[in-house]
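> Return atomic coordinates for the entry below.
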Amino acid sequence: MGNAMRWLWLLFTTVFLLLSQQAGAAEKGLFWQLESPSGQVSYLFGTMHTDDNRVTNFPPSVIQALKNVDTFMLEVADAPPASLLQLPQGNLKQYLSETELEQVARLADMHVMPMEMVLRMKPWLLAVLFDLPKPQTPFAQDLLLKAKAEELDKRVLGLESPQEHFGVMDNLTTEEQLQMLRAVLKRSQKQKENDFERLMKAYLAGDSEQVANMDDAMTQGVLPAALWQRMRVKLLDERNVLMAERSLEQAKQGRIFIAVGAAHLAGKDGLIQAFRQAGFRLTPLKK
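Presented below is the predicted three-dimensional model:
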């Protein structure tokens, strides 16, 4: 698995973690056993799309759960064609100043990305990627679980198609996407690393409420409120409906392990609530 695949699974880290909605105290957990009305057991695991070894060293309970199922599901199972990541036409040289292009070049180098590819990428994708800390390995948490599932000869399915996953923000205008990218370019690496550490601390504590409460604090002053609200709907609300529908369909057919960004678990439209409403018995597990 090369650097290109790492980019694809790391793209949404900061945004997805920031988008969690308020959850009750009983929904703080990130690892759940799902027992269907017929007694069949599946699992739901909230991930953090990062290669940080604090989340990629899986405890035996997670590996055992993976062994117990027939199917492994993650947000997207297949790499997208390059066209899904690129501007419809032209490149960033048409839109950015020389100073901004120099900043982009430095960040591309830090993330081990060829500049010719970066210049053709959608600005919103670059904004999300460039808001991450410097990568350490090519293996994000999600990819490691996928590799383990394949090693165990499990069926692997995506909750979304590559088009659905990487085209989620295509309704934004080019100017709105550039606004996101410019906001990230203004942030120092220290600011990004501090925010990442706060999110990591909340994730390691298994506290979805704490992650949710960071939302306004970490986005205030970065994006206009109206634009942020549109992003929330596209990135979280609409995708939760789709993920719940597809994961429930599979869970009714067999034993599954769902690995999905932690932000998709909690809240009235999250996967925890969706499984409860479908009659599943949920038990939090230690990870």
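> Helix or strand next in line after the helix or strand bottoming out on mean pLDDT in the chain, which one?
The helix or strand with the lowest mean pLDDT-type score in the chain, counting by mean pLDDT, DSSP states H and E, is helix 13-18 (a mean of 44). Beyond helix 13-18 on the C-terminal side, the first helix or strand identified by DSSP states H and E is strand 31-35.
> Please name every helix or strand in contact with that next one.
In this structure, strand 31-35 makes packing contacts with strand 41-47, helix 60-67, strand 281-284, judged by 3 or more C-beta pairs under 8 Å, 6 or more residues apart in numbering; DSSP states H and E. Placement of C-beta: from N, CA and C, glycine included.
> partners of that strand in the sheet?
Sheet pairing for strand 31-35, assigned by DSSP bridges, gives strand 41-47 (antiparallel), strand 281-284 (antiparallel).
> Tell me which of those strands is the most buried.
Among the strands paired with strand 31-35, strand 41-47 has the highest mean neighbour count (mean count of other C-beta atoms under 10 Å), at a mean of 25.
> so where's the stretch 101-250 of the chain uncertain?
Along the stretch 101-250 of the chain, the model assigns pLDDT under 70 to residues 138, 207-222.
> Do a quick rundown of the helices in it.
Read by DSSP state H, counting those that start in this stretch, the stretch 101-250 of the chain holds these helices, from start to end of the chain: 115-118, 123-130, 141-151, 162-166, 174-185, 189-204, 208-219, 225-232, 238-251.
> Pick the most buried one from those helices.
That would be helix 123-130, which, of the helices of the stretch 101-250 of the chain, has the most neighbours on average (mean count of other C-beta under 10 Å), namely a mean of 24.
> Now do it and helix 225-232, the angle between them.
80 degrees (axes from the mean of the first three to the mean of the last three C-alpha atoms, to 10 degrees).
> Am I right that Phe45 is in contact with Gly261?
No: under the criterion of C-beta atoms under 8 Å, Phe45 makes no contact with Gly261, lying 10.4 Å away.
> how long is stretch 112-125 end to end?
Separation of the first and last residues of stretch 112-125 by C-alpha to C-alpha, to the nearest Å is 15 Å.
> hmm, back to that, will you turn the helices of the stretch 101-250 of the chain into TSV that also has distance to Leu92?
Supplementary listing: those in TSV, determined by distance: least, C-beta to C-beta, whole Å:
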stretch	distance to Leu92
helix 115-118	8
helix 123-130	7
helix 141-151	27
helix 162-166	18
helix 174-185	8
helix 189-204	20
helix 208-219	23
helix 225-232	19
helix 238-251	27
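> Of all these, which one is nearest Pro80?
helix 162-166 (3.6 Å; C-beta to C-beta).
> centre of the chain versus the closest one, how much separation?
Mean-position distance between helix 162-166 and its chain equals 12 Å (C-alpha atoms, centre = their mean, to the nearest Å).
> ok, Val69 to Lys234 distance?
Distance of Val69 to Lys234, given as C-beta to C-beta, to the nearest Å: 30 Å.
> if you count what's nearby, which of these two comes out ahead?
Val69 (21 against 15; other C-beta atoms under 10 Å).
> Give me the neighbour count for Ala108.
Counted by other C-beta under 10 Å, the residues lying close to Ala108 total 20.
> That one against Met115, yeah?
Yes: assessed by C-beta under 8 Å, Ala108 is found in contact with Met115 at 5.2 Å.
> ok, and what's touching stretch 77-91?
Counting by C-beta atoms under 8 Å, 6 or more residues apart in numbering, the neighbours of stretch 77-91 from elsewhere in the structure are 4-5, 8, 119-123, 125, 146, 156-158, 161-163, 165-167, 174.
> same deal with stretch 181-189?
The contact list for stretch 181-189 (C-beta under 8 Å, 6+ apart) reads 100, 103-104, 107, 123-124, 126-127, 130-131, 133-134, 222-223.
> so which of those residues comes closest to Ala244?
Nearest to Ala244 out of these is Trp124 (C-beta to C-beta; 24.7 Å).
> Check what pLDDT Asp52 gets.
As summarised for this prediction, Asp52 has a pLDDT of 87.
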